[in-house]
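Undergrad: model this:
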Amino acid sequence: MNVVEPIADAVTGGIAARSVEPQTGVDGTGHTTERACLNCGAALVGAYCHNCGQHAHVHRSLGAFGHDLLHGVFHFEGKIWRTLPMLAWRPGELTRRYIAGERASFVSPVALFLFSVFVMFAVISALGGPVAIGGKRPTPTERSQAAKDFVKQREVSLGQFEQLRAERARLAAAGASTAEIDRRIADQQRDLQLEREIYETAMAVAGGDVDAPALEEPANVTQAGGGDGSDSWFERAYQKAKKNPSLLFYKLQTNGYKYSWALIPLSVPFLWLLFLHRRRYRRYRAYDHTVFVTYSITFMSLGFIILTLLRPLGLSGQAALMAMTVIPPIHIYRQLRGAYELTRLSALWRTVAVLFFAMLASGLFGMLLLLLGVLG
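TA: Numbers count the residues shown, from 1 in each chain. This next block holds a predicted model:
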């Protein structure tokens, strides 16, 4: 995967987050030259149109376009610089104040979540994560050679398939039973189809980095063979994953990127259960728990990004693992205590419960990704 894609993902994440993030309604520049709104024609009073909300001044230069892009990706109208420090050091207060209605002061949890997820998976694609897993990634040249070797092996498989078909024709002409040869032909055909899917997906993943020949095969491959059709979808998916585990890992990573939002609805019910038994806590609604969970997941994503970026600068895997073990419980404790105004003891036991529930939610999420991976 080339380096442009992670950058594009990060920019896309910023734009997507910006699209759901409301503006503060305050223009720090106060730059206004028009007397009427260029969008709806209403008389202007201040830096924004009171009728439609558009900026009073509209830029028409490439420099302004670049500024708007960077503004949308990184600035969030200045709220990001108020939100991130509080998310790190006073997450409970941030959660409580946002729920209470201070929306213009902070980046919304949804916008920050979208941006952090896009950036996290962009960084993972480029650097692999805070802890090195596996050996060195193959170069494009090595992947191209592997693809060419695969095509050669494919030619051998096709030759074996044609031999089986010829043997079947001989048995049929002699009036002998073809049940066993039909079963072997069906198995070989399924393997050929599986190989084709793996190859095409691998080439799609590699993109333009790999110079490899197209995979050719006779048209009758997908039509030949007897087979009883007894293989279930699960068996087929299992064989696909077993034959190419690296492809399954790629699909898990891709689906994790696409369906990361599912962690929120998976986590909220567990948090809701922690406050169900006491009447004083029943004032907290599902929305409040959702804000809590979204900010919490966002912090973990941002921490993962930071640790990954520090690895090329010399951060050891042991230090990264230590940080991932120690920091989340402390952050959850502080967020619980501040957001729900809990005592130390109450926040402590709920932190332990949240960590347990987080493992359950992560397990459910992993099962979802695995199911999507083997079915994809």
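Undergrad: rest of the way, CA atoms for contacts and neighbours
TA: Noted.
Undergrad: low-confidence ranges, the stretch 201-350 of the chain, go.
TA: Low-confidence segments of the stretch 201-350 of the chain (pLDDT under 70): 201-254, 257, 278, 280-282.
Undergrad: and for the stretch 1-150 of the chain?
TA: In the predicted model, the stretch 1-150 of the chain carries pLDDT under 70 at residues 1-34, 58-78, 131-140, 142-143.
Undergrad: which stretches of it form helices?
TA: Read by DSSP state H, counting those that start in this stretch, the stretch 1-150 of the chain holds these helices, from start to end of the chain: 4-20, 62-70, 80-89, 91-100, 109-127, 140-173.
Undergrad: and the helices in the stretch 251-376 of the chain?
TA: Per DSSP H, counting those that start in this stretch, the stretch 251-376 of the chain carries helices over the ranges 263-274, 286-310, 317-340, 344-375.
Undergrad: for the first one, report the contacting residues that lie outside it.
TA: With contact meaning Cα atoms under 8 Å, 6 or more residues apart in numbering, helix 263-274 is reached by 286, 289-290, 293-294, 350, 353-354, 357-358, 361-362, 364-365.
Undergrad: how about the nearest residue to Leu127 once chain neighbours are set aside, what does it touch?
TA: In space, and not counting its chain neighbours, Leu127 is closest to Thr308: 7.0 Å by Cα to Cα, 6 or more residues apart in numbering. Contact criterion Cα under 8 Å, 6+ apart gives 123-124, 127-131 as the residues in contact with Thr308.
Undergrad: check the residues you listed against Gly314 and report the nearest one.
TA: Compare each of the contacts of Thr308 with Gly314 using Cα to Cα and the shortest gap goes to Pro130, at 10.7 Å.
Undergrad: separation between that closest one and Gly92?
TA: With the distance defined as Cα to Cα, to the nearest Å, Pro130 ends up 27 Å from Gly92.
Undergrad: what's the answer for Pro312, then?
TA: Distance of Pro312 to Gly92, computed by Cα to Cα: 32 Å.
Undergrad: Ser316 too?
TA: From Ser316 over to Gly92 the distance is 30 Å, taken as Cα to Cα.
Undergrad: ok so, going back, most neighbours among the contacts of Thr308, which one?
TA: With neighbours set by other Cα atoms under 10 Å, the maximum within the contacts of Thr308 is found at Pro130, which has 26 neighbours.
Undergrad: how about that one: what's its closest non-neighbour residue?
TA: Thr308 (3.9 Å).
Undergrad: repeat for Ile297
TA: Spatially, and ignoring its direct neighbours in sequence, Ile297 is nearest to Phe113 (7.5 Å; Cα to Cα, 6+ apart).
Undergrad: I'd assumed Val293 was in contact with the one you found.
TA: No - between Phe113 and Val293 there is no contact under Cα atoms under 8 Å: 10.3 Å.
Undergrad: what's the domain layout of the chain?
TA: 1-21+105-127+235-376, 140-230 (automatic domain parsing).
Undergrad: and Val354, how close does it get to Gly92?
TA: Between Val354 and Gly92 the distance, using Cα to Cα, works out to 15 Å.
Undergrad: what about the two, which has more around it?
TA: Gly92 (26 against 20).
Undergrad: surely that one and Leu342 touch.
TA: No - under the criterion of Cα under 8 Å, Gly92 is not in contact with Leu342, lying 10.3 Å apart.
Undergrad: so what's in contact with those two at the same time?
TA: Common contacts of Gly92 and Leu342 (Cα under 8 Å, 6+ apart): Leu336.
Undergrad: distance to Leu274 for the helices of the stretch 1-150 of the chain - can I get that in JSON lines?
TA: Below are those laid out as JSON lines (distance: least, Cα to Cα, whole Å):
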{"stretch": "helix 4-20", "distance to Leu274": "30"}
{"stretch": "helix 62-70", "distance to Leu274": "41"}
{"stretch": "helix 80-89", "distance to Leu274": "22"}
{"stretch": "helix 91-100", "distance to Leu274": "16"}
{"stretch": "helix 109-127", "distance to Leu274": "21"}
{"stretch": "helix 140-173", "distance to Leu274": "50"}
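Undergrad: which one of those helices lies nearest to Arg190?
TA: In this view, the helices of the stretch 1-150 of the chain are compared for proximity to Arg190 by Cα to Cα, and helix 140-173 is the closest at 10.9 Å.
Undergrad: show me what counts as buried in that closest one.
TA: 140, 143-144, 147-148, 150-151, 154, 157-158, 161-162, 164-165, 168 (16 or more other Cα atoms under 10 Å).
Undergrad: can you check stretch 173-185 too?
TA: Residues of stretch 173-185 classed as buried under the neighbour-count rule (16+ other Cα under 10 Å) are 178, 181-182, 184-185.
Undergrad: now do the end-to-end distance for it.
TA: From the first residue to the last, stretch 173-185 extends over 17 Å; the measure is Cα to Cα.
Undergrad: now do that stretch, average pLDDT.
TA: For stretch 173-185, mean pLDDT rounds to 85.
Undergrad: circling back to that earlier point, which of the helices of the stretch 251-376 of the chain sits most buried?
TA: helix 286-310 (a mean of 20; mean count of other Cα atoms under 10 Å).
Undergrad: before we move on, back to that, what's the closest of the contacts of Thr308 to Asn255?
TA: Ile124 (13.5 Å).
Undergrad: measure the closest residue to the closest one other than its chain neighbours to Val119 for me?
TA: Using Cα to Cα, 6+ apart and skipping the chain neighbours, the partner closest in space to Ile124 is Thr308 (7.6 Å). When Cα to Cα is the yardstick, Thr308 and Val119 sit 11 Å from each other.
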